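Visitor: Would you be able to build a 3D model of this:
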Amino acid sequence: MVRFSAGIPGLISSLQKILPQSRGEWALRLGPEAGFAAISGVMAPEGTSFGERLGLAAEDMVIGTGSSFLGSGLGRLGGKAIYGNQAEKLGKEAYEQKLAQAMTAGDILAAPLPIFAPRPIAENVYGRMAPEQSAQQQEAILQEEQDRLVQEALLNSVLTGGGSLLVPGTASLYS
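Guide: Residues are numbered from 1 along each chain as shown. This is a model prediction of the structure:
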């Protein structure tokens, strides 16, 4: 128990470093996820209750932000692996900038992860479609949902990558 509690401050410190630091950064990182979550709730099939729509939106938000933070965290670890031995040579500010760029790259690379995430609420909602719908109609609706997830991942990559150009010092991993 002592070893576990000793690691908690380090975990908290690591989490604080991958969280957005400004309102603009929060908007760039989580704005698209909130928009996609709202679309997910609104685009639910007819007959879906308000509570289920909220559940779909929440599920989408949790999966999207989870993949974003996972990508950022892995990007930061990758940045430390790449630039760690150059930290003194670069200086603290330049080193942190390189880590921020690596986090942005990790976030962009993790954008497709939600496509593969389990979605129990969505499966339940789409799985109980009206029995009178043919298997072909059900397959078409499920395919539309899959297509939406792919489009969301692509758009999220573009928005995240484009948004990084607005944050000073994060335009390139090679600068």
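Visitor: is it true that T48 touches N124?
Guide: No. Using C-beta atoms under 8 Å, T48 is not in contact with N124, being 10.3 Å away. Every residue, glycine included, has its C-beta placed from N, CA and C.
Visitor: Compare these two and say which is more crowded by neighbours.
Guide: Remark: of T48 and N124, T48 carries more neighbours, 17 against 12, as counted by other C-beta atoms under 10 Å.
Visitor: Which residues are in contact with the nearest residue to A117 once chain neighbours are set aside?
Guide: Take A117 and drop its neighbours on the chain: the residue closest to it by C-beta to C-beta, 6 or more residues apart in numbering is I63, 4.6 Å away. I63 makes contact with 114, 117, 119 under the criterion C-beta atoms under 8 Å, 6 or more residues apart in numbering.
Visitor: most centrally placed residue in this structure?
Guide: The structure's the chain has its C-alpha centroid closest to S68; by C-alpha atoms, centre = their mean the separation is 2.7 Å.
Visitor: from the contacts of I63, which single one is nearest G10?
Guide: Within these, the smallest distance to G10 is 27.3 Å, found for A117 (C-beta to C-beta).
Visitor: and the gap between that closest one and G24?
Guide: A117 sits 27 Å away from G24, going by C-beta to C-beta, to the nearest Å.
Visitor: ditto for Q137
Guide: 44 Å.
Visitor: what's the answer for Q97, then?
Guide: Distance of Q97 to G24, computed by C-beta to C-beta: 16 Å.
Visitor: Among those two, which residue is more densely surrounded?
Guide: Between Q97 and G24, counting by other C-beta under 10 Å, Q97 is the more crowded of the two (18 against 13).
Visitor: what kind of secondary structure is that one in?
Guide: At Q97, secondary structure determined by DSSP: H, G, I helix; E, B strand; the rest coil is helix.
Visitor: Give me the pLDDT value at N124.
Guide: pLDDT recorded at N124 is 87.
Visitor: Find the nearest non-adjacent residue to it, please.
Guide: Spatial nearest neighbour of N124, chain neighbours left out: E52 (8.0 Å); criterion: C-beta to C-beta, 6+ apart.
Visitor: A87 now?
Guide: Using C-beta to C-beta, 6+ apart, the closest residue to A87 is Y95 (4.6 Å).
Visitor: Check V42 too.
Guide: Using C-beta to C-beta, 6+ apart, the nearest residue to V42 is R53, at 7.3 Å.
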